[in-house]
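> I need the structure of the sequence given here:
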Amino acid sequence: MSPEDFAIGIDVGGTNMRAARISPSGEILLKRSIAGSRYPSVALDLIKGLVREMDGDSARAVGIGIPGRVDARTGEIFSGGFLNLAGVDLKGEIKKAFGRPTLVANDCSMALVGESRRGAARGRRNAVMMTIGTGIGGAVMEGGHILTGRRCAGQLGHLVVNIGGQPCPCGQRGCVETESSGTSLRRHLDEGGYGPEVRFESVLQKAVSGDSRAVGVLNAWAGPLRAAINTLSAAFDPDVVVLGGGMGAAAVSALEFLPELQTWYQVDVRLAELGDDAGVIGCGLAALDHVSREAQGTGKRLVMANGVPASGKSGLAHALSQKTGWPVLALDTLKNPLLELIENVDRPFNRVLGRASYKSIFSVIKEAPAGSTFIVDAWFGFQPPEVLVEHVATAGITELVELWCHAPPEVIGERYERRTADRLPGHPGAPYVPELIELAKRAQPMRLGPVLDVETTSPTDIGEVFDWVTTSFK
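Next up is the predicted model:
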């Protein structure tokens, strides 16, 4: 297996450590789980053993997720919990032992990378994750990038939800970790009169049956968590909040028993989908991203000229290209030469050609030099958002903006019908118009980055579009 084929993801915990070979698409090729250790020297040897077992000398990179505060830029570990690796040069040790590029980051940040690429937040560029276990971990993603702040932003378990609450090891009182973690659940159960033998599952069943004492315990445990989620929604306006960790499912269930609360800050709360695999997948993918960025120096930029067929996106794309010199890559540009040479193309095969052309566009971008900017003219909605997310990552695109082109559905239908005579055989003809009109009624932008709404029945000031695009790129 060549170095380009996989990275190694290591999810470090005090109780367990997990390792996996991760493909560039986030697929687990091989994985292993072992018992961890709370002793730093022993833990370091275990981590090295896992990297060795995953064929570390052949990996493209190694990514390691650590519980605690980690400098996102340098990989320096500031603090931990049950396993405290503060002061251990983990990045240096692994890089020295195996000679591979190494990334060390917060474990919840890595889990969010995994969930955003292959799990509950896939297709979303703005997400928050909280892992509920012995404590509460957290991470925030904005515009497809983990927010790191000065060094180690994302310590969401230390949002204060009760200023007179329990003391926290961080030095504050009433952190959500002290109110809504797995550890604090035991305190709530004790305060509710349940003995040490009573587990969450039995209390949940009693609450489902309407037992007021059980409902009270769940409300006491989940209420502070909802307050933290609402605060995070107010601060970051995410597309989704993902709850993971060993008690993530329990937390999602408990939240359902809270009285309905109408606020400005309600948000889609989902259970993590990847379970224990989220960390290793995220570590592997983040390590591959890290290597790509270092190799490129800088990333590439994408302007998505998006809209259904006949929405006006092609005219806008070419006008922007004329102003900027940025090349336009369009589905039809790649597909039409094939339609000229292949006879009797029916609609199913036309869709296959469309998917192949879509992938080819990003293959072209991947081969382009760092710092390149491309305009892609396509109806991006013909493929799921997660396909686009994967193509963007593979191509090395680090910034993107979207020009959402639209017009009244009937206008789009009329435009399409007028041009059918000029379309090559293989493209849908006039009978497609009613279907296109219905598509135009429900079509939405992809929203993987900033979106500019362009209504194409009125003249578009390309200068204003250019100013918006350049301002939106960071």
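
> From here on, just use CA atoms for contacts and neighbour counts.
Noted.

> what are the ranges of the helices in the stretch 201-350 of the chain?
With DSSP state H, counting those that start in this stretch as the criterion, the stretch 201-350 of the chain has helices at 212-236, 248-255, 277-296, 313-324, 331-341, 347-367.

> which one of those helices lies closest to Ala111?
Nearest to Ala111, of all the helices of the stretch 201-350 of the chain, is helix 277-296, at 4.2 Å by C-alpha to C-alpha.

> what's the average pLDDT for that closest one?
Across helix 277-296, the average pLDDT comes to 85.

> and Met446, how many neighbours?
Met446 sits with 22 neighbouring residues when counted by other C-alpha atoms under 10 Å.

> SS state for it?
Under DSSP: H, G, I helix; E, B strand; the rest coil, Met446 falls in the coil class.

> these two touch, right, it and Pro384?
No: with contact defined as C-alpha atoms under 8 Å, Met446 does not reach Pro384; the gap is 9.3 Å.

> quick one on the thing from earlier: need the helices of the stretch 201-350 of the chain in JSON lines (columns: mean neighbour count).
As requested, those are exported to JSON lines (neighbours: other C-alpha atoms under 10 Å):
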{"stretch": "helix 212-236", "mean neighbour count": "20"}
{"stretch": "helix 248-255", "mean neighbour count": "19"}
{"stretch": "helix 277-296", "mean neighbour count": "25"}
{"stretch": "helix 313-324", "mean neighbour count": "18"}
{"stretch": "helix 331-341", "mean neighbour count": "15"}
{"stretch": "helix 347-367", "mean neighbour count": "16"}
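
> quick one: which of the ones you listed is nearest Ser23?
Using C-alpha to C-alpha and comparing those, the one that lies nearest Ser23 is helix 277-296, at 7.8 Å.

> Please state the offset of the closest one from the chain centre?
Chain-centre distance of helix 277-296: 13 Å, with C-alpha atoms, centre = their mean, to the nearest Å.

> May I have that helix as PDB, with CA atoms only?
Extracted C-alpha coordinates of helix 277-296, given in PDB (Å, rounded to 0.1, in the frame of the first residue of the first chain):
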ATOM      1  CA  ASP A 277     -15.300   5.600  14.900                       C
ATOM      2  CA  ALA A 278     -15.800   9.400  14.700                       C
ATOM      3  CA  GLY A 279     -12.500  10.200  16.300                       C
ATOM      4  CA  VAL A 280     -10.300   7.900  14.200                       C
ATOM      5  CA  ILE A 281     -12.000   8.900  11.000                       C
ATOM      6  CA  GLY A 282     -11.700  12.600  11.800                       C
ATOM      7  CA  CYS A 283      -8.000  12.200  12.900                       C
ATOM      8  CA  GLY A 284      -7.100  10.400   9.700                       C
ATOM      9  CA  LEU A 285      -8.900  13.000   7.400                       C
ATOM     10  CA  ALA A 286      -7.500  15.900   9.300                       C
ATOM     11  CA  ALA A 287      -4.000  14.500   9.000                       C
ATOM     12  CA  LEU A 288      -4.500  14.100   5.200                       C
ATOM     13  CA  ASP A 289      -5.900  17.700   5.000                       C
ATOM     14  CA  HIS A 290      -2.800  18.900   7.000                       C
ATOM     15  CA  VAL A 291      -0.400  17.200   4.500                       C
ATOM     16  CA  SER A 292      -2.300  18.600   1.500                       C
ATOM     17  CA  ARG A 293      -2.100  22.200   2.900                       C
ATOM     18  CA  GLU A 294       1.600  21.900   3.700                       C
ATOM     19  CA  ALA A 295       2.300  20.500   0.200                       C
ATOM     20  CA  GLN A 296       0.300  23.200  -1.500                       C
END
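
> what residues are up against Lys190?
Let me fix one detail, which is that residue 190 is Asp and not Lys. Asp190 makes contacts with Pro196, as judged by C-alpha atoms under 8 Å, 6 or more residues apart in numbering.

> What are the buried residues along the helix or strand that contains it?
Using DSSP states H and E, Asp190 sits in helix 182-191. For helix 182-191, burial by neighbour count (16 or more other C-alpha atoms under 10 Å) applies to 182-189.

> I'd like to know how many residues surround Leu452.
A total of 18 residues lie near Leu452 under the criterion other C-alpha under 10 Å.

> From Leu159, how far off is the residue lying closest to it once chain neighbours are set aside?
Distance criterion C-alpha to C-alpha, 6 or more residues apart in numbering; nearest residue to Leu452, sequence neighbours excluded, is Leu403 at 5.0 Å. Taking C-alpha to C-alpha, to the nearest Å as the measure, Leu403 falls 37 Å from Leu159.

> These two: who's more crowded?
Counted by other C-alpha under 10 Å, Leu403 and Leu159 do not tie: Leu403 has more neighbours, with 24 against 21.

> ok, which stretches of the stretch 351-474 of the chain are strands?
With DSSP state E, counting those that start in this stretch, the ranges of strands along the stretch 351-474 of the chain come out as 373-378, 397-406, 451-455.

> Neighbouring strands - and their directions - for the last one?
The one in question is strand 451-455. Strand 451-455 pairs in its sheet with strand 397-406 (parallel), by DSSP bridges.

> Tell me the confidence at the residue lying closest to Gly429 once chain neighbours are set aside?
In space, and not counting its chain neighbours, Gly429 is closest to Thr420: 5.7 Å by C-alpha to C-alpha, 6+ apart. Listed pLDDT for Thr420 reads 83.
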